[in-house]
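Enquirer: Here's my sequence, what's the structure:
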Amino acid sequence: MINSNMLLARIKQLRNELNVQQRQIAYAIGVDEPMYSRIERGIRPFRDEYIAPIADILHVKEEELRSLWTADKIINVTKDEPLLVAQRALRLANSEIRTNLHE
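Expert: Below is the predicted model of the structure:
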């Protein structure tokens, strides 16, 4: 289970703002409504393939949801590390990402 839930909070916020029912999202991602409810509450794992159909229904860029999903994963990987270690790891990763973009 993912502990950080920026993605799930954003999905729920957008869903409520747009008055989109859980069953509509459940149908779009191919699960039943009780399963989607567990996903949105963080009880069941959120899968990569859910991002595009949910972005479409909620009229948001896929990049926004994918960024939140990735941030949640990063937070969960570093959550048990001392702050200085986590911050250094993020700086190193950022440097490597920038290097790889220029290759």
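
Enquirer: low pLDDT regions in the protein?
Expert: 1-4, 102-103 (pLDDT under 70).

Enquirer: can we see that at 50?
Expert: Scanning the chain with the threshold set as pLDDT under 50 gives 1-2.

Enquirer: Check it for its longest helix and report it.
Expert: Counting by DSSP state H, the longest helix found in the chain is helix 83-101.

Enquirer: Point out the other elements, helices or strands, that it touches.
Expert: Identification of packing neighbours for helix 83-101 by 3 or more C-beta pairs under 8 Å, 6 or more residues apart in numbering; DSSP states H and E yields helix 62-78. No exception for glycine: its C-beta is placed from N, CA and C like everyone else's.

Enquirer: Can you give the distance of the helix it packs on from its chain's centre?
Expert: 5 Å (C-alpha atoms, centre = their mean, to the nearest Å).

Enquirer: quick one: which helix or strand includes Cys15?
Expert: Not Cys; residue 15 is Arg. Assessed by DSSP states H and E, Arg15 sits inside helix 6-17.

Enquirer: quick one: contacts of that helix?
Expert: Residues outside helix 6-17 that contact it (C-beta atoms under 8 Å, 6 or more residues apart in numbering) are 2, 20-22, 25, 39-42, 46, 54, 58-60, 64-65, 68-69, 71-72, 75.

Enquirer: From Asn5, how far out is the one residue sitting closest to the centre of the chain?
Expert: By C-alpha atoms, centre = their mean, the chain has its centre lying nearest to Trp69, at 2.3 Å. Applying C-beta to C-beta, to the nearest Å, the value for Trp69 to Asn5 is 10 Å.

Enquirer: Show me the contact partners of the longest helix of the chain.
Expert: Contacts of helix 83-101 (C-beta under 8 Å, 6+ apart): Ile74, Thr78, Lys79, Glu81.

Enquirer: What are the phi and psi values at the last one?
Expert: To tie it back to what came earlier, the one meant is Glu81. Main-chain dihedrals, Glu81, degrees, to the nearest 10: phi -90, psi 150.

Enquirer: Cool, thanks, talk later.
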